[in-house]
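> what's the 3D shape of this:
(2 chains)
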2 protein chains.
Amino acid sequence: MQQIDRTTLLLDESICRANIRRMATKAKQSGARFRPHFKTHQSLKIGEWFREEGVEAITVSSVAMAEYFSALWRDITIAIPLNVLEIPRINQIDPACKINVCVMSTNALSRLQTELQREVGVWIKIDVGYHRTGLQPGDDEIRRIVEWLGAHGQASKMRLLGFLAHAGQSYAATSADAIRAIDAEARSILENVREQHADAVDDLHISLGDTPSCSIVDNFQGVDELRPGNFVFYDLMQYTSGVCRLIDIALAMACPVIARHSDKLVVHGGSAHFSKDCIRGNDRDDCYGWVVDKRSSDITHGWNAADTELRLTSLSQEHGTITGPNEQLDRYDIGDYVLVLPVHSCLTGCSMKVYRTLTGEYLDHL
Amino acid sequence: MQQIDRTTLLLDESICRANIRRMATKAKQSGARFRPHFKTHQSLKIGEWFREEGVEAITVSSVAMAEYFSALWRDITIAIPLNVLEIPRINQIDPACKINVCVMSTNALSRLQTELQREVGVWIKIDVGYHRTGLQPGDDEIRRIVEWLGAHGQASKMRLLGFLAHAGQSYAATSADAIRAIDAEARSILENVREQHADAVDDLHISLGDTPSCSIVDNFQGVDELRPGNFVFYDLMQYTSGVCRLIDIALAMACPVIARHSDKLVVHGGSAHFSKDCIRGNDRDDCYGWVVDKRSSDITHGWNAADTELRLTSLSQEHGTITGPNEQLDRYDIGDYVLVLPVHSCLTGCSMKVYRTLTGEYLDHL
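Residues are numbered from 1 along each chain as shown, chains lettered A, B, ... in the order given. Below is the predicted model of the structure:
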């Protein structure tokens, strides 16, 4: 097995598979379709671990990801408001792969009507309180979209699926109860919207499910579809929000030590590797990652998720600075590497573009 | 020419070439060797534009970059403290390509002595006030390194080149005078260190030069080598620090508009594209990019660097939110794209991994 000699994003497959299994089981018990968001891992290989848990439909957030996953998947929702400039690219995706898009205006439908050369499912994106995007529940445009799709009926290549939302405000929630309240409100909003349009169209579905809600809430009865993504790896953001345990974090960055100063280590591992998301502390107390100990000198045994007091406290493009108690810093010198749990696993994956399992296998990332 | 249909990092070649030419001319006039840092662009193709200005030696900040550029370059300094785990990889680089490394300890020299199978030049990294890494100017380890290299003499594959520093504190400076003072102090520190060791070794060089200093200071007489990097593209960080003009920023991200709300646009362009560096404003006033207008509907004419009041004010992985005066927001709707000047061009390049010139050519990124 190749030695770890450079900045390397390590993936503990057993943690990752346990995260997938736990969420798949929860969705099944709620009777909801599990349509995991693949923007977190963006890996065909990791995708196969979901398939082994019975997953058949997935979520992505760009046409590029839909293209990538259409090699192996037959049912993909692109859960970002449709970029109408990419309709020609959507037309090129293998017709054997179902594609669903999100719309927020009859303008978008008109563009689809003119340019579509394949069938697509259509979700209407609703704002359930995150206020990033989505139609307000009372917006007349919802009715216009429903009527437009009804009026075009068989002449259209579009089929209305229902109402889709992302309660992303749950990421800022500071307690489990707050997350439960956010989820309850989101569901209630979507159910009301569906109720309002039940006369016009039968069998409209509701789709939601961010990682904090899906991790904290136990029962999703009444929800047709759950789309969490981050849970596949989790990260320090989720841990510090109480959403996962430290032992559920499936990624750690191996960062070679390149300098030992009296009060810190400098490692090769910077914002080019971790991205720049941080857990903001008090003044000068920002944290970009936590150091964990290897279980043994052999990395195949993984890391010990018991927290050390060593923190990644500053980043430049390639350099990272590790600070903490001297007796813990003293365990390392040049020639070693430290293992760092990332703050935001999605962006860390995007930055690194490849995963290495503990057994030395390299896994793809779009 | 392919239409812009997705999030695309645009490069204005004429701005970029002018930035390169200006810096090459300044270095030449100062009699300093220009060894530009290629970590900003990481592109073989853009590297060739430097060669056309007479550049023959380059700087990088990882062994991976050295491997990449060794395909076309014959003199590369890896300006980050040596990761001794990568000595075997350094051995594999084409022997026709000179490689220089940075060391901060005799430990690192011992590892090199044992494992090196090729010749390398050695810089001693000095802290000139940034306090990220580097030996303090008075640290005895400097003398030990100089003596170690002297004692091993011909038996060693290493040749001491001199003292190298990065005055990165200039990035936080708030005035041109402050930048000049930082540069003057950095030079003075390096000159003193050289003076102290002039008896032991002849012809030691000093190497420094961050983008703020190299842009603001006019004369680098006495400096042997200049290594700025960011200037190739510049960015909003440099503009807001007074280091460049808005018309010197060579990159803009084309972001398709995916939603028009009453008070904002939502675009496909998020932290996966821009990374997460921001210009911090007052409360809730963080800015991740500035919108500029296209010169015409034909992108080959580039953008008008006159500032609009539209700002990229929040980012999630794939979504960006543009806010500003309604009459400016009204210029856009779904089906359009906005052009956004990035806050930090280095990380934006790392995130996108490819550039598109205004004439539709795609340029490589490591």
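> which residues touch stretch A:242-249?
Stretch A:242-249 has contacts (Cβ atoms under 8 Å, 6 or more residues apart in numbering or on different chains) with A:15, A:18-19, A:175-176, A:179, A:211-212, A:215-216, A:231, A:233-236, A:238-239, A:305-307, A:341, A:345. Just so you know, the C-beta spots here come from the backbone N, C-alpha and C atoms, and that holds for glycine as well.
> Now that stretch: buried residues?
By 16 or more other Cβ atoms under 10 Å in any protein chain shown, the buried positions in stretch A:242-249 come out as A:242-244, A:246, A:248-249.
> picking up where we left off before, filter the contacts of stretch A:242-249 to the buried ones?
For the contacts of stretch A:242-249, buried by 16+ other Cβ under 10 Å: A:15, A:19, A:179, A:211-212, A:215-216, A:231, A:233-236, A:238-239, A:305, A:341, A:345.
> Tell me which of these fall in helices.
Counting by DSSP state H, the buried ones among the contacts of stretch A:242-249 place A:15, A:19, A:179, A:211-212, A:215-216, A:236, A:238-239, A:345 in helices.
> Adding distance to A:Leu149 and pLDDT, write those out as a markdown table.
Formatted as a markdown table, these follow (distance: Cβ to Cβ, whole Å; pLDDT from 0 to 100):
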| residue | distance to A:Leu149 | pLDDT |
| --- | --- | --- |
| A:Ile15 | 43 | 98 |
| A:Asn19 | 37 | 98 |
| A:Ile179 | 33 | 97 |
| A:Thr211 | 31 | 98 |
| A:Pro212 | 32 | 98 |
| A:Ser215 | 34 | 98 |
| A:Ile216 | 35 | 97 |
| A:Leu236 | 43 | 96 |
| A:Gln238 | 37 | 97 |
| A:Tyr239 | 42 | 95 |
| A:Ser345 | 37 | 97 |
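> Columns distance to chain B on top of those residues, output as JSON lines?
Shown next, in JSON lines, are those (distance: Cβ to the nearest Cβ, whole Å):
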{"residue": "A:Ile15", "distance to chain B": "22"}
{"residue": "A:Asn19", "distance to chain B": "19"}
{"residue": "A:Ile179", "distance to chain B": "18"}
{"residue": "A:Thr211", "distance to chain B": "12"}
{"residue": "A:Pro212", "distance to chain B": "14"}
{"residue": "A:Ser215", "distance to chain B": "18"}
{"residue": "A:Ile216", "distance to chain B": "20"}
{"residue": "A:Leu236", "distance to chain B": "15"}
{"residue": "A:Gln238", "distance to chain B": "14"}
{"residue": "A:Tyr239", "distance to chain B": "19"}
{"residue": "A:Ser345", "distance to chain B": "11"}
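> From chain B, how far off is A:Lys26?
For A:Lys26, the distance to chain B equals 23 Å [Cβ to the nearest Cβ, to the nearest Å].
> List just the nearest of the buried residues of stretch A:242-249 to A:Gly162.
A:Val243 (26.6 Å; Cβ to Cβ).
> Now do the SS call for that closest one.
Following DSSP: H, G, I helix; E, B strand; the rest coil, A:Val243 is assigned to coil.
> Show me the shaky parts of the stretch 201-350 of chain A.
Along the stretch 201-350 of chain A, segments meeting pLDDT under 70 span A:282-284.
> and stretch A:338-348, C-alpha only, in PDB?
What follows is stretch A:338-348, C-alpha atoms only, in PDB (Å, rounded to 0.1, in the frame of the first residue of the first chain):
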ATOM      1  CA  VAL A 338      -1.600  14.900  11.700                       C
ATOM      2  CA  LEU A 339      -5.200  13.900  11.100                       C
ATOM      3  CA  VAL A 340      -7.700  16.700  11.000                       C
ATOM      4  CA  LEU A 341     -11.500  16.400  11.100                       C
ATOM      5  CA  PRO A 342     -12.900  18.900   8.600                       C
ATOM      6  CA  VAL A 343     -15.400  21.700   9.400                       C
ATOM      7  CA  HIS A 344     -17.400  21.200   6.200                       C
ATOM      8  CA  SER A 345     -17.100  17.900   4.500                       C
ATOM      9  CA  CYS A 346     -18.900  18.900   1.300                       C
ATOM     10  CA  LEU A 347     -16.500  21.700   0.500                       C
ATOM     11  CA  THR A 348     -13.500  19.600   1.600                       C
END
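> just how off-centre is it within its chain?
Chain-centre distance of stretch A:338-348: 14 Å, with Cα atoms, centre = their mean, to the nearest Å.
> How about stretch A:291-308?
25 Å.
> Start and end of that stretch, how far apart?
6 Å (Cα to Cα, to the nearest Å).
> before we move on, the earlier item: out of the buried residues of stretch A:242-249, which is nearest to chain B?
A:Val243 (17.0 Å; Cβ to the nearest Cβ).
> Could you report the distance from the closest one to A:Tyr171?
9 Å (Cβ to Cβ, to the nearest Å).
> Now for the two: what residues contact both?
Common neighbours of A:Val243 and A:Tyr171 (Cβ under 8 Å, 6+ apart) are A:Pro212.
> Which stretches in the stretch 151-300 of chain A count as helices?
Along the stretch 151-300 of chain A, the segments classed as helices by DSSP state H, counting those that start in this stretch run A:176-196, A:211-216, A:236-240, A:271-274.
> Need the residues that contact the last one.
The contact list for helix A:271-274, computed with Cβ under 8 Å, 6+ apart, reads A:7, A:9, A:253, A:255, A:288-289, A:312, A:315-318, A:320, A:340, A:342-343, A:347-348, A:351-352, B:275-277, B:346-347, B:350.
> thinking again about what came up before, will you turn the helices of the stretch 151-300 of chain A into CSV that also has distance to A:Ala32?
Converted to CSV, the helices of the stretch 151-300 of chain A look like this (distance: least, Cβ to Cβ, whole Å):
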stretch, distance to A:Ala32
helix A:176-196, 11
helix A:211-216, 10
helix A:236-240, 21
helix A:271-274, 33
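> so which of these gets nearest A:Leu226?
The nearest among the helices of the stretch 151-300 of chain A, by Cβ to Cβ, is helix A:211-216 at 5.9 Å.
> From the chain's centroid, how far away is the closest one?
Distance of helix A:211-216 from its chain centroid, counting by Cα atoms, centre = their mean, is 12 Å.
> can you check stretch A:48-55 too?
Remark: stretch A:48-55 is offset 16 Å from the chain centroid, using Cα atoms, centre = their mean.
> same check, this time on stretch A:228-241
8 Å.
> Output that stretch as CSV, restricted to C-alpha atoms.
Extracted in CSV, the C-alpha atoms of stretch A:228-241 (Å, rounded to 0.1, in the frame of the first residue of the first chain):
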residue,chain,number,x,y,z
PRO,A,228,-30.4,14.7,3.1
GLY,A,229,-26.8,14.8,1.8
ASN,A,230,-24.1,15.8,4.4
PHE,A,231,-24.9,12.8,6.7
VAL,A,232,-22.8,10.5,4.4
PHE,A,233,-19.7,12.0,6.0
TYR,A,234,-20.9,14.5,8.6
ASP,A,235,-18.4,17.0,9.8
LEU,A,236,-17.5,19.3,12.7
MET,A,237,-20.2,21.8,11.8
GLN,A,238,-22.8,19.0,12.4
TYR,A,239,-21.0,17.7,15.5
THR,A,240,-20.8,21.1,17.2
SER,A,241,-24.5,21.6,16.4
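> Could you list the low-pLDDT ranges of the stretch 51-200 of chain A?
A:154.
> residues in it within reach of chain B, list them.
With Cβ under 8 Å from any Cβ of the partner chain as the criterion, the stretch 51-200 of chain A comes near chain B at residues A:61-64, A:80-86, A:88-89, A:104-105, A:107-108, A:111, A:132-133, A:168.
> Strands - which of these land there?
Of these, the ones assigned to strands by DSSP state E are A:80-81.
> List buried residues within the residues of the stretch 51-200 of chain A next to chain B.
A:61-64, A:80-86, A:104-105, A:108, A:111, A:132-133, A:168.
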